[in-house]
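Using only what follows, build the 3D model:
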Amino acid sequence: MTFTAIRTALLPAVFEEAAFRRLWLANVLSQTGSQISRVGLILVVVQQTDSVTALVVLVWLETLPSALIAPWAGALIDRRSRRAVMVMADLVRFGSLMVIFAAPTFVVICAMATLQSGATGFFQPARAAALPLTVRRERLVSANSWDQGAANTMFVLGPVIGTELLLRVGLRSTLVVDSLTFLLSAWLIPAVVGERRPWAECPSVLGAAIDDVRNGWRYLRHHDLAWHLTGLFFVSLLCAGLWTPLAPFFIRDYLGGSTRLLGWQFSAFGAGAIAGSAMASPVVARWGRGPIVCTGLIAEGACQTAYAIVPNVILSTVLMFSWGIFVSLIVVPFYSILQTAVDERFLGRVFSAINQSENLAMGVALGIAVVLHDLLDSHTILLAGGVTYCTVALASLLTTGGRNLLATR
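Next comes the predicted model:
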């Protein structure tokens, strides 16, 4: 058998698309580099400062820049070549790691983390907007399933790889490995879309950019389905995002578990997310994209509610696995709905808005957890988040956007 025949027999049909293969592998490498860099830099900051405040500052700097530049990133993605945007983002992340390689101090790490966050704010929406241009429409759900599966796998393996590299070969060697993943990603990204309208044709570059941002938000606000999905995405991340800052206290005070259990539950969630990615394509093919998104939202809220009230280590770990499954079952059809329902000229701006809502929701969830933890115990806060999640997901079915979503196949 030839290599082509073996590849056709072993891989799903979506990998017959050469552009998708390259984009998928570029995403695998980029996600690997991001996860390795993140855990490595967190561990170095802890070693250098031994300060919770310093760690919180780093986490905020990894999140906020991406949210702040999202509108402008979306305008650039829709205005220029998406390949060029992704390549530049990878090169910026490569360069930032090289700066840390030269001077791995806390201040430099924070400055470069800010730069990396901004670059990721360009890369991820550009990739999501480019993906539907690499596959046939009927293969889009499968493409998103494999794309999400790769991201989830790196979410599980990346921190392990990053920790082992840091401990075994040191920070600088780890940075070299990380930077190479971004260079390879930049080389692999396919040319899937040509140049957009160049700003040089406009009387004012700044004025054109502002108009693009304004038009993008106007388009999103008046697109009932996209607006409804963006709102649900924000609420889901806001409620579910409470787990990350509260998990250590919940596990210690309510479950009576050790710090090691936190790692196991992270792994259980990641394993569930991988399983959900594998299940997404056949499940969506059977029941449709909209119904799966609606069902998954309600089920994820129910998992969080049950997790908050079940004082059992084994059952709570099983619930974390289930939680991961439902997250993937939501994300895969969620992306494919937007990729087909949104006008291609606005895809970059819509996905940048999604990226912005994700970062803002996580930031708000962190703030809520910090404030409420002085007033309530962690299990009460998580329970309230789960109940709110379920209530909003159920209530959304009564709205026009919810009915349109249910009807989306």
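
Walk me through the domains of the protein.
Domain assignment of the chain by automatic domain parsing yields the ranges 12-196, 215-409.

can you put the ones you listed in TSV and add mean neighbour count?
C-beta coordinates here come from the backbone N, C-alpha and C atoms, glycine included. Shown next, in TSV, are the domains of the chain (neighbours: other CB atoms under 10 Å):
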stretch	mean neighbour count
domain 12-196	20
domain 215-409	19
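
Might you list the low-confidence residue ranges for this protein?
Within the chain, the stretches with pLDDT under 70 are 1-12, 51-53, 55-56, 159, 192-209, 258-260, 262-263.

Can you classify residue 104 by secondary structure?
Put simply, residue 104 is coil when judged by DSSP: H, G, I helix; E, B strand; the rest coil.

Surely it and residue 44 touch.
Yes. Using CB atoms under 8 Å, residue 104 makes contact with residue 44 at a distance of 6.6 Å.

any residues in contact with both of the two?
Shared contacts of residue 104 and residue 44 (CB atoms under 8 Å, 6 or more residues apart in numbering): residue 171.

So which elements touch whichever strand or helix holds residue 19?
Following DSSP states H and E, one finds residue 19 within helix 18-49. If contacts are counted by 3 or more CB pairs under 8 Å, 6 or more residues apart in numbering; DSSP states H and E, helix 18-49 sits against helix 52-79, helix 82-102, helix 106-130, helix 140-169, helix 171-188.

gap between it and the chain center?
Centroid separation for helix 18-49 versus its chain: 12 Å, with CA atoms, centre = their mean, to the nearest Å.

Residues touching stretch 18-36, excluding its own?
Here stretch 18-36 makes contact (CB under 8 Å, 6+ apart) with 14-15, 86, 90, 93, 116, 120, 123, 127, 130-131, 133-135, 143, 146-147, 150-151, 154-155, 157-159, 161-162, 165, 174, 177-179, 181-182, 184-186, 188-190, 192.

all helices of the stretch 301-409 of the chain, in order?
Counting by DSSP state H, counting those that start in this stretch, one finds helices in the stretch 301-409 of the chain at the ranges 313-341, 347-372, 378-396, 400-406.

contacting residues around the last one?
Among residues not part of helix 400-406, those counted as contacts by CB under 8 Å, 6+ apart are 224-225, 227-229, 231, 290-291, 293-294, 337, 396-397.

Only alpha carbons, please: show stretch 326-346 as CSV.
Backbone C-alpha positions of stretch 326-346 (Å, rounded to 0.1, in the frame of the first residue of the first chain) are rendered in CSV as follows:
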residue,chain,number,x,y,z
PHE,A,326,-20.3,18.4,27.7
VAL,A,327,-18.0,21.3,27.2
SER,A,328,-16.6,19.7,24.0
LEU,A,329,-20.1,18.8,22.8
ILE,A,330,-21.0,22.5,23.1
VAL,A,331,-17.9,24.0,21.5
VAL,A,332,-17.7,21.9,18.4
PRO,A,333,-21.3,22.6,17.1
PHE,A,334,-21.0,26.2,18.5
TYR,A,335,-18.1,27.0,16.3
SER,A,336,-19.5,25.3,13.2
ILE,A,337,-22.8,27.1,13.6
LEU,A,338,-21.1,30.5,13.6
GLN,A,339,-18.8,29.5,10.7
THR,A,340,-21.8,28.7,8.5
ALA,A,341,-24.3,31.3,9.8
VAL,A,342,-22.1,34.4,9.9
ASP,A,343,-21.2,36.3,6.7
GLU,A,344,-17.6,35.4,5.8
ARG,A,345,-16.6,39.1,5.7
PHE,A,346,-17.4,39.4,9.4
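
Would you mind getting the angle between the helix holding residue 19 and helix 140-169?
Angle between the axes of helix 18-49 and helix 140-169 is 40 degrees (criterion: axes from the mean of the first three to the mean of the last three CA atoms, to 10 degrees).

Helix 18-49 versus helix 106-130: what angle between them?
With the same axes, to 10 degrees defining the directions, helix 18-49 sits at 160 degrees from helix 106-130.

Quick check: phi and psi at residue 342.
For residue 342, the backbone dihedrals (degrees, to the nearest 10) come out as phi -90, psi 140.

List the contacts of it.
Neighbour list for residue 342: 223, 226, 350 [criterion: CB under 8 Å, 6+ apart].

Now do the first one against residue 382, distance only.
Distance of residue 223 to residue 382, given as CB to CB, to the nearest Å: 33 Å.

Distance from the chain centre to stretch 261-278, please.
Taking CA atoms, centre = their mean, the mean C-alpha location of stretch 261-278 is offset from the chain mean by 15 Å.

right, I mislabeled it, should have said stretch 87-101
For stretch 87-101, the distance to the chain centre is 20 Å (CA atoms, centre = their mean).

Repeat that for stretch 125-144.
16 Å.

Ok, stretch 143-162 next?
10 Å.

List every C-alpha atom in it, with coordinates, as CSV.
Extracted in CSV, the C-alpha atoms of stretch 143-162 (Å, rounded to 0.1, in the frame of the first residue of the first chain):
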residue,chain,number,x,y,z
ALA,A,143,-13.1,19.5,11.2
ASN,A,144,-14.1,21.4,14.3
SER,A,145,-14.2,18.1,16.3
TRP,A,146,-10.6,17.2,15.3
ASP,A,147,-9.5,20.8,15.9
GLN,A,148,-11.1,20.9,19.4
GLY,A,149,-9.7,17.4,20.1
ALA,A,150,-6.2,18.5,19.4
ALA,A,151,-6.6,21.6,21.7
ASN,A,152,-8.0,19.4,24.5
THR,A,153,-5.2,16.9,24.1
MET,A,154,-2.6,19.6,24.4
PHE,A,155,-4.5,21.1,27.4
VAL,A,156,-3.9,17.7,29.2
LEU,A,157,-0.4,17.0,27.9
GLY,A,158,1.1,20.5,27.6
PRO,A,159,1.4,21.2,31.4
VAL,A,160,3.0,17.8,31.9
ILE,A,161,5.5,18.3,29.1
GLY,A,162,6.2,21.9,30.3
